[in-house]
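Visitor: Need a 3D model of the sequence below.
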Amino acid sequence: MRLILLGPPGSGKGTQAQRLVERNGIVQLSTGEMLRAAVAAGTPVGLQAKDIMASGGLVPDEIVVNIISDRIELPDAKAGFILDGFPRTVPQAEALDELLKRKHMKLDAVVELRVNESALLARVEKRAEETRARGEEVRLDDTPEVLTRRLASYRSLTEPLIHYYSERRKLLTVDGMMTIEEVTREIGRILHAIGAAPGKAAKKAGSAKRRATKSAKKPAGTRKAAPKAPAKAPGKRATSATKRRPAAKKAAKAARRVVKRASEAVRKGSKKAGRGSAKKLTKRRAKA
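Guide: Numbers count the residues shown, from 1 in each chain. Got it, this is the predicted structure:
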């Protein structure tokens, strides 16, 4: 998962980025932190940035892109990353696209947290009043005046990125005025919908793939062969009907024999009865 979060100051990008990191096992890459780490490590790119930063100048886009190039090659970024603070301009976005193309990577989505600037200003003013009421000092970067300048800078430099990524069908817009939990759920929903975040189906498919791979690697000798069915004589199918035929024939023959014997017995009985009647008639005539 490779993402960019867009939104004006106070839109909640930092909070949502941290939640995405914790839930998806990816890393948040801040350009400021990457620059400081490169300077501390003394890398060639870091040494170039060190001199510029020491003089108070802005680090050129080319150096920032090179630092990002080195950072996303580290093992902890293999699962994905969220870019924080970059790109800020369309030229930076074009340079990032070229970098990812060279590395055969792709940007999954650009999530825009859309907020109401008037509501943001009102929120900051209220927070400043509550801080003063507690007798605490208001941070210099947390005043309506500073926020107004930062919003103006965002509109002139960064807001064109919305159109840039929208044309490339990478932009996903979320209502940043919802509660933190609602924003988190909506970001998760749309990332799952485009297949950028792993869902249940993807996890099941991955488990099935791992089981299939493990089975394929198993030695042939350890597999149990399925029992073979006994061979049958060609042309003869042993069915229950076939097995019953000899018994039926025997029963029919026995029945015919019984009927035949009964018929013979009846005929013999008739003959004996006839002979007995003739003898009696002869005796009567002799007496007469």
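Visitor: just checking, E112 is part of a strand?
Guide: Yes. Assessed by DSSP: H, G, I helix; E, B strand; the rest coil, E112 belongs to a strand.
Visitor: ok, now how distant is it from A119?
Guide: Distance of E112 to A119, computed by CB to CB, to the nearest Å: 16 Å. Heads up, the C-betas are built off the backbone N, CA and C, glycines and all.
Visitor: same deal with Q48?
Guide: Q48 is 41 Å from A119, where distance means CB to CB.
Visitor: Neighbour count for the two, which is higher?
Guide: A count of neighbours by other CB atoms under 10 Å puts Q48 above the other of Q48 and A119, at 18 against 12.
Visitor: and the next element down the chain from the helix or strand where the more buried one lies?
Guide: Q48 is part of helix 44-54 when elements are defined by DSSP states H and E. Using DSSP H and E, the helix or strand that follows helix 44-54 in sequence is helix 61-71.
Visitor: D84 is in contact with Q16, isn't it?
Guide: No. When contacts are counted by CB atoms under 8 Å, D84 is not listed as touching Q16 (10.8 Å).
Visitor: Quick check: neighbours shared by the two?
Guide: L5 (CB atoms under 8 Å, 6 or more residues apart in numbering).
Visitor: Of these two, which one has the most company?
Guide: Neighbour count, other CB under 10 Å: between D84 and Q16, Q16 has more, with 22 against 18.
Visitor: The more buried one sits in which helix or strand?
Guide: Going by DSSP H and E, Q16 is in helix 13-24.
Visitor: Quick check: next helix or strand after that helix?
Guide: Next along the chain from helix 13-24, counting by DSSP H and E, comes strand 27-30.
Visitor: In terms of secondary structure, what does that next one contact?
Guide: Judged by 3 or more CB pairs under 8 Å, 6 or more residues apart in numbering; DSSP states H and E, strand 27-30 is in contact with helix 13-24, strand 81-84.
Visitor: Buried deepest among those, which one?
Guide: strand 81-84 (a mean of 21; mean count of other CB atoms under 10 Å).
Visitor: For it, what does the pLDDT average out to?
Guide: Strand 81-84 comes out with an average pLDDT of 91.
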